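Colleague: here is my input, please return the structure:
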Amino acid sequence: MDDYPAVEDHGLIGDLQTAALVARDGTLDWFCAPRFDSPSLFAGLLDRQRGGYFKISPHGVDYVSKQLYLPGTPILITRFLSADGVGEVVDFMPLAGETPTDRHCIVRMVRVVRGEMTFRMDCQPRFNYGRDEHTVDFGLEGTVFRSREQTLTVNPVRHDGMFLDERDFKRDGRGVCVVGTLRQGFTGGLVLHTASPEPPRVVHPDEVSAMFVETRDFWRRWLDRSRYTGRWREMVERSAMTLKLMTYAPTGALVAAPTAGLPERIGGARNWDYRYTWIRDASFSVHALLGLGFDEEARRYLHWINERVRDSEESGEPIQIVYRVDGGRDLTEEPLDHLEGYRGSGPVRVGNDAAGQFQLDIYGETMNCMHLADSYGLRSSHDEWRNTVRMMDWLCEHWDQPEDGIWETRAGRRDFTYGRLMSWVAFDRAIRLARRHGRPGHLARWAAARDAAYDQIMSRGFHRGRGAFVQHYETDVLDASLLSMAAVGFVAPTDPMWQSTLRAMDADLVSDSLVYRYDPGAAPDGLPGAEGTFTMCTFWYVQALAQSSRLDDARLAFEKMLTYSSQLGLYSEEIAPSGEQIGNFPQAFSHLSLISTATVLDEMLDARRDPS
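Modeller: Have a look, this model is predicted:
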């Protein structure tokens, strides 16, 4: 299993409809098309033999590799350093636009910046997660791989008569291998196209350079819209670009991660498909991006949320917690038993049965983001407000029911405290919005439900023996989701009940500033095995410390957390006890919480420095 690159040794590229991962050794080992949630063409990340890959690396020489992003962009540069030369592979995807398309392009530009270097390029696609056979039409003008449903065209990049000729190509099983030498100052490479109607052709380096400039300029113009000028600008901007890369432009939906099946523990079974859009993630996105000045992205996310509320009202079905990027509701889960999983961590799953779960917190997150957006001038339309009123009336009837909870446990429904907390938030924000604009709604009914939720949490959610708010009403187990209690205004940061809860979490859930969601051993969640610390929860912990007058502790914990990022500034879902990143990668929630936490810390540090 040692031939799998570390999860954090990958960079993300994308075209705002799908994305790819490229490892530090030059291997493109994850790419799905035409959308994030489509079957894979390359999935070597989940099975080195059966998944497929496209590797470009030096041939016949010892080398060291490093990665960086071109500043202000998600254009990935993988550098290879040897005694005889320094070469680079520059990976990027030209933008696909806002109309859904099957046609996507990956540019793998190869250049030498010192001396000369021989490269080996090995392209081994495996369609539909490696389940579909394909043919190979091979020629010097390019190669076309055809499966039952998809085509992949690979075009060489070269000057006339340079870099590659017939002696350099060879068929290699179900793929193609190319070996070629470049000298300093010359550019070669390969350009991949999905669903191209055109025959393969040689691409001139000037054409690739034009695509590079257009892609670079788009991202730098986009990033120039950021208003963030705080202490952690580089990390915040990288997080913002990562979130933009994980956004499906035709609908504005944000996927939780561009990957599926990466384990929460090596060798474990907690291996989920995150290539979908959770209501919760989209709601938190509005908060994070409005704070940075990306109003249009926040508007698109808010529109996507409102569309799901409208669909729910029209269909008469409750809001689903997670959808496909186009709003589709079918996320039927299936195992891919023919894939061994990352470093042997099976089963690999695609689809996600959590779509059928009942989770109360999504209503609070939806209303919280609508309330925040309204404060930025993004007001709901008349029809959107009418749907909101119906949703709140529905919640009045259902908030006091057992549910599956934010962590999507599979051990049965409980009276989760966080679900009740966010129900309180939903009622509170709806009442505030109605009063702010004089809009109609059943305010007396909503206020009664809000107060009942508050009283219930205080009487049943606080465990006197532990001196802490707990995961659900029938346990004394702590839960990191409740770190948000002060942030949403349910309790004052100075409240003794909150202070004792935070101290209990320090003792039970925090390990050298890293935070576990909960203890699966003490609160069985229906799944085998353990997990790592949860990156989002660590950032929530930092905010809770800061708001509880422990600002120095908060800053130290935040700075420690930044050391766990990848070399490129990316975060997966969790951190293993060894310090490596585990779980799907990169993870939207991790980057959203980084942005929000950096913003809160900046404000509080500035206020302490200048009390006036």
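
Colleague: is residue 597 in contact with residue 537, as I believe?
Modeller: No. Assessed by Cβ atoms under 8 Å, residue 597 is found out of contact with residue 537, at 11.3 Å. All C-beta atoms are positioned from the backbone trio N, CA, C, and that covers glycine.

Colleague: what segments of the stretch 101-250 of the chain are helices?
Modeller: 127-130, 205-223, 233-245 (DSSP state H, counting those that start in this stretch).

Colleague: can you give me the buried ones in the second one?
Modeller: Applying a neighbour-count criterion of 16 or more other Cβ atoms under 10 Å, the buried positions in helix 205-223 are 205, 208, 211, 212, 215, 216, 219, 222, 223.

Colleague: against residue 465, how distant is residue 240?
Modeller: To residue 465, residue 240 is 43 Å away according to Cβ to Cβ, to the nearest Å.

Colleague: roughly how far does residue 501 sit from residue 509?
Modeller: In terms of Cβ to Cβ, residue 501 sits 11 Å off from residue 509.

Colleague: who has more neighbours, residue 240 and residue 465?
Modeller: More crowded of residue 240 and residue 465, by other Cβ atoms under 10 Å: residue 240, with 25 against 7.

Colleague: just the CA trace of stretch 386-406, in PDB.
Modeller: C-alpha atoms of stretch 386-406 as PDB (Å, rounded to 0.1, in the frame of the first residue of the first chain):
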ATOM      1  CA  ARG A 386     -44.000  32.700   1.300                       C
ATOM      2  CA  ASN A 387     -42.000  29.400   1.000                       C
ATOM      3  CA  THR A 388     -40.100  30.400   4.100                       C
ATOM      4  CA  VAL A 389     -43.300  30.900   6.100                       C
ATOM      5  CA  ARG A 390     -44.500  27.500   5.100                       C
ATOM      6  CA  MET A 391     -41.200  25.900   6.000                       C
ATOM      7  CA  MET A 392     -41.300  27.500   9.500                       C
ATOM      8  CA  ASP A 393     -44.900  26.400  10.000                       C
ATOM      9  CA  TRP A 394     -43.800  22.800   9.100                       C
ATOM     10  CA  LEU A 395     -40.900  23.100  11.600                       C
ATOM     11  CA  CYS A 396     -43.400  24.100  14.300                       C
ATOM     12  CA  GLU A 397     -44.900  20.700  13.900                       C
ATOM     13  CA  HIS A 398     -41.700  18.700  13.700                       C
ATOM     14  CA  TRP A 399     -38.900  20.400  15.700                       C
ATOM     15  CA  ASP A 400     -39.600  18.200  18.800                       C
ATOM     16  CA  GLN A 401     -38.900  14.900  17.200                       C
ATOM     17  CA  PRO A 402     -36.000  12.400  17.300                       C
ATOM     18  CA  GLU A 403     -33.600  12.900  14.300                       C
ATOM     19  CA  ASP A 404     -30.400  11.600  12.800                       C
ATOM     20  CA  GLY A 405     -28.200  14.500  13.800                       C
ATOM     21  CA  ILE A 406     -25.600  16.600  12.100                       C
END
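
Colleague: what residues sit buried inside that stretch?
Modeller: So, applying 16+ other Cβ under 10 Å, buried residues of stretch 386-406: 386-389, 391-392, 395-396, 399-400, 403-406.

Colleague: from these, which two are the most distant?
Modeller: 386 and 405 (29.7 Å; Cβ to Cβ).

Colleague: contacts for the helix or strand bottoming out on mean pLDDT in the chain?
Modeller: Sorting the helices and strands of the chain by mean pLDDT, DSSP states H and E puts strand 169-172 at the bottom, at a mean of 72. Strand 169-172 has contacts (Cβ atoms under 8 Å, 6 or more residues apart in numbering) with 122, 124, 136, 138, 140, 176, 177, 178.

Colleague: got a list of what the third one touches?
Modeller: Contact partners of residue 136, counting by Cβ under 8 Å, 6+ apart, are 143, 144, 145, 171, 174, 175, 176.

Colleague: tally of neighbours for the fourth one?
Modeller: Taking other Cβ under 10 Å as the criterion, the count of residues near residue 171 is 11.

Colleague: distance of it relative to residue 241?
Modeller: Counting by Cβ to Cβ - residue 171 and residue 241 are separated by 38 Å.

Colleague: check the last one too.
Modeller: From residue 176 across to residue 241, the span is 32 Å (Cβ to Cβ).

Colleague: residue 289 is nearest to which of the helices of the stretch 101-250 of the chain?
Modeller: Among those, the nearest to residue 289 by Cβ to Cβ is helix 233-245 (7.3 Å).

Colleague: can you give me the buried ones in the closest one?
Modeller: Neighbour-count burial for helix 233-245 flags 235, 236, 237, 238, 239, 240, 241, 242, 243, 244, 245 (criterion: 16+ other Cβ under 10 Å).

Colleague: want to throw those residues into a markdown table with pLDDT and distance to residue 93?
Modeller: Below are the buried residues of helix 233-245 laid out as a markdown table (pLDDT from 0 to 100; distance: Cβ to Cβ, whole Å):
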| residue | pLDDT | distance to residue 93 |
| --- | --- | --- |
| 235 | 98 | 23 |
| 236 | 98 | 23 |
| 237 | 98 | 19 |
| 238 | 98 | 17 |
| 239 | 98 | 19 |
| 240 | 97 | 18 |
| 241 | 98 | 13 |
| 242 | 98 | 14 |
| 243 | 97 | 16 |
| 244 | 97 | 13 |
| 245 | 98 | 9 |
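
Colleague: for the stretch 101-250 of the chain, give me the ranges with low pLDDT.
Modeller: 160-169 (pLDDT under 70).
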